[in-house]
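Peer 1: quick one: sequence and predicted model below, then my questions.
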Amino acid sequence: MTFIPQTVLLKNGQEITLRPARVSDALPLIQTIKAYLADSEYIPQSPEEFTMTLEQEENWIQSFLEKDNSLLIVAEFEGRIIGNIDISGHHRSMMQHTAVIGMGILSDWRNSGLGTQLMQHGIRWAKENPILELLWLQVYTENKMAIALYKKMGFLENGIIKNFFNHSNRYYDNLTMSLSVKQNTIL
């Protein structure tokens, strides 16, 4: 299912383009991901652990273009990728109605409303998708701003796994949240 590019206005007055990722985005997307991994305390991966080659990143992007229950949206400002959201639908038949969400935004663009825009457009796409019924995500329990955003979008808390993340020898709990995108789905 396709996603039609959208121009959105952020709280700071900047116009951003949200569009589906293209294979040609592989290199700038690698650079963006490494940049937000370097300055985010709430993504459980270091820039050094992100070792995708250009070919692997191209294949990863292509996989979103080939699956009907998956979508990779990039946020662009003046031709530069500043964030992304991926909705990764499950490949197994008994779980293909579910998709996990991942999102990353460059530090200069956090708290600008970009996360809200990415989530709103991703959720809208999922609601229109004939396959998807349930979106879910994982978040550090300490990431209060993200949790507030997800609750604002309608996500419900499903459970906590204690000491799930070990970040610099400090343990953090993992909160799983989900959102039913079809009215007949019961959580």
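Peer 2: Everything's here; your move.
Peer 1: L65 belongs to a helix, doesn't it?
Peer 2: Yes: assessed by DSSP: H, G, I helix; E, B strand; the rest coil, L65 belongs to a helix.
Peer 1: that one - how many residues pack around it?
Peer 2: 14 (other Cβ atoms under 10 Å). C-beta coordinates here come from the backbone N, C-alpha and C atoms, glycine included.
Peer 1: just use 56 as the starting number from now, easier for me
Peer 2: All set: I'll call the first residue 56, so the last point we hit is now L120.
Peer 1: and the gap between it and Q100?
Peer 2: 24 Å (Cβ to Cβ, to the nearest Å).
Peer 1: also E113?
Peer 2: In terms of Cβ to Cβ, E113 sits 20 Å off from Q100.
Peer 1: determine the longest helix present in this protein.
Peer 2: helix 169-183 (DSSP state H).
Peer 1: got the buried residues for the next helix-or-strand element following it?
Peer 2: Proceeding N to C from helix 169-183, the next assigned helix or strand is strand 189-195, under DSSP states H and E. Buried residues in strand 189-195, counted by 16 or more other Cβ atoms under 10 Å: 189-190, 192-195.
Peer 1: report all helices and strands that strand 189-195 contacts.
Peer 2: For strand 189-195, the elements it packs on are strand 153-160, helix 169-183, helix 199-207, strand 225-235, judged by 3 or more Cβ pairs under 8 Å, 6 or more residues apart in numbering; DSSP states H and E.
Peer 1: tabulate these (TSV), appending mean neighbour count and distance to H145.
Peer 2: Shown next, in TSV, are the helices and strands packed on strand 189-195 (neighbours: other Cβ atoms under 10 Å; distance: least, Cβ to Cβ, whole Å):
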stretch	mean neighbour count	distance to H145
strand 153-160	21	5
helix 169-183	19	13
helix 199-207	14	20
strand 225-235	17	13
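Peer 1: relative to K66, which of those is closest?
Peer 2: Among these, the nearest to K66 by Cβ to Cβ is helix 169-183 (8.9 Å).
Peer 1: show the average pLDDT along that closest one.
Peer 2: Helix 169-183 carries an average pLDDT of 98.
Peer 1: which residues touch that helix?
Peer 2: The contact list for helix 169-183 (Cβ atoms under 8 Å, 6 or more residues apart in numbering) reads 56, 58, 61, 63, 65, 71, 73, 126, 128, 130, 137-140, 142, 154, 156, 158, 160, 187, 190, 201, 204-205, 207-209, 234, 236-237.
Peer 1: report the angle between it and strand 225-235.
Peer 2: If you take axes from the mean of the first three to the mean of the last three Cα atoms, to 10 degrees, helix 169-183 sits at 40 degrees to strand 225-235.
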